[in-house]
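J.: would you be able to build a 3D model of this:
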Amino acid sequence: MRNLICIGLLLLTTTQAAGGEIKHPASGHEPKPMPVNYGSAGCGLGPEMNFGDITFHSPYPDPATLTDAEKYMVAGCVDSDYGGGMMPWYMDVFMMVDAIRARSGEIPERLSHELIDMCTISRDGLDQSGSARFRSPITGEFPRLDAAEFEAGQVYIRLLTDEEQAHFASIFKEYDQNWNQGVQEFYQTGELLPIEIAAGIYYMRVYGEHGVIFAGILYQMKMLREPDYEWPSSPPPAQQD
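T.: This next block holds a predicted model:
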């Protein structure tokens, strides 16, 4: 998937292990299945698209070699201490970074409870365990966001420059449509729908135990009009004898 579209509000609950130790809500739960093309040249952008310090790593590691923590970082988990499944960790981190930048105007060097609290909707206030989902599943600490070189469990995320945006938009029709023309092609009909880029366009690289486990260009979009399409009704329930 070459871009990420995630629009939503964060409502966090809390999770805390016995004895007061903060526990990651995905810990001990089954990771979701890895993307079907993970570990192949078809998963995202390949090394031939490297541009300056924007690097892509395909193929990724063999999924069989990844720990549960690494799988969760890329694919999410089926269930969690929150009582339901969780999206991939890199998506959670990306959306929180985007929210922090919208509030403060900059990307911090590291996530923190205070920054997460600032951007979180919480009915009863956010305690330390409420921000646990944003901790690195590998280190247990809030991740660095400026790790340009490999460091297990950390992240490198920054905004694309105008030059970088122009470079990738010149290669990919989808990026040119989204970033420059303000439209997205509706997958059912090919209709071009007007959109708005909700915030910035980012490059993100995530490190697992021994190397890069995700790298991509991420951004959020706001749809300005619903597609002119009549969705098919659900099939009738099967009749019982």
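J.: count the neighbours of residue 208 for me.
T.: Residues lying near residue 208 (other Cβ atoms under 10 Å) number 23. The way it works is simple: take the backbone N, C-alpha and C, and place the C-beta from them, glycine included.
J.: where exactly do the helices run in the chain?
T.: Secondary structure of the chain (DSSP state H): helices at 68-75, 89-104, 113-118, 162-171, 173-175.
J.: what packs against the longest one?
T.: Using 3 or more Cβ pairs under 8 Å, 6 or more residues apart in numbering; DSSP states H and E as the contact criterion, the secondary-structure elements in contact with helix 89-104 are helix 68-75, helix 113-118, strand 155-159, strand 202-207.
J.: circling back to that earlier point, closest to residue 59 out of the helices of the chain?
T.: Of all the helices of the chain, helix 68-75 sits nearest to residue 59, with 13.4 Å by Cβ to Cβ.
J.: any regions of this structure where pLDDT drops low?
T.: Residues of the chain that meet the criterion pLDDT under 70 lie in 1-21, 39-44, 58, 122-125, 129, 234-241.
J.: repeat that for 90
T.: Residue ranges of the chain with pLDDT under 90: 1-24, 35-49, 56-63, 81-84, 117-131, 185-192, 198-199, 221-241.
J.: at the geometric centre of it, which residue do we find?
T.: residue 91 (1.8 Å; Cα atoms, centre = their mean).
J.: redo the helices and strands packed on helix 89-104 as CSV? Include mean neighbour count and distance to residue 143.
T.: Formatted as CSV, the helices and strands packed on helix 89-104 follow (neighbours: other Cβ atoms under 10 Å; distance: least, Cβ to Cβ, whole Å):
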stretch, mean neighbour count, distance to residue 143
helix 68-75, 23, 10
helix 113-118, 17, 12
strand 155-159, 21, 5
strand 202-207, 22, 9
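J.: just the CA trace of stretch 95-104, in CSV.
T.: C-alpha atoms of stretch 95-104 as CSV (Å, rounded to 0.1, in the frame of the first residue of the first chain):
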residue,chain,number,x,y,z
MET,A,95,-1.4,9.3,13.6
MET,A,96,-0.2,10.6,17.0
VAL,A,97,2.8,12.3,15.5
ASP,A,98,0.5,14.0,13.0
ALA,A,99,-1.8,15.1,15.8
ILE,A,100,1.1,16.5,17.9
ARG,A,101,2.5,18.4,14.9
ALA,A,102,-1.0,19.9,14.3
ARG,A,103,-1.1,21.1,17.8
SER,A,104,2.6,22.2,18.4
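J.: flag every buried residue along it.
T.: The neighbour-count check on stretch 95-104 (16 or more other Cβ atoms under 10 Å) flags 95-101 as buried.
J.: now swap in stretch 79-87 and tell me
T.: For stretch 79-87, the neighbour count (16+ other Cβ under 10 Å) marks 80-82, 86-87 as buried.
J.: among those residues, name the ones in strands.
T.: The strands, defined by DSSP state E, take in nothing from the buried residues of stretch 79-87.
J.: max pairwise distance over the residues you listed: which two?
T.: Greatest spacing in the buried residues of stretch 79-87, by Cβ to Cβ: 81 and 87 (14.9 Å).
J.: picking up where we left off before, out of the helices and strands packed on helix 89-104, nearest to residue 176?
T.: Among the helices and strands packed on helix 89-104, strand 202-207 comes nearest to residue 176, with 17.3 Å by Cβ to Cβ.
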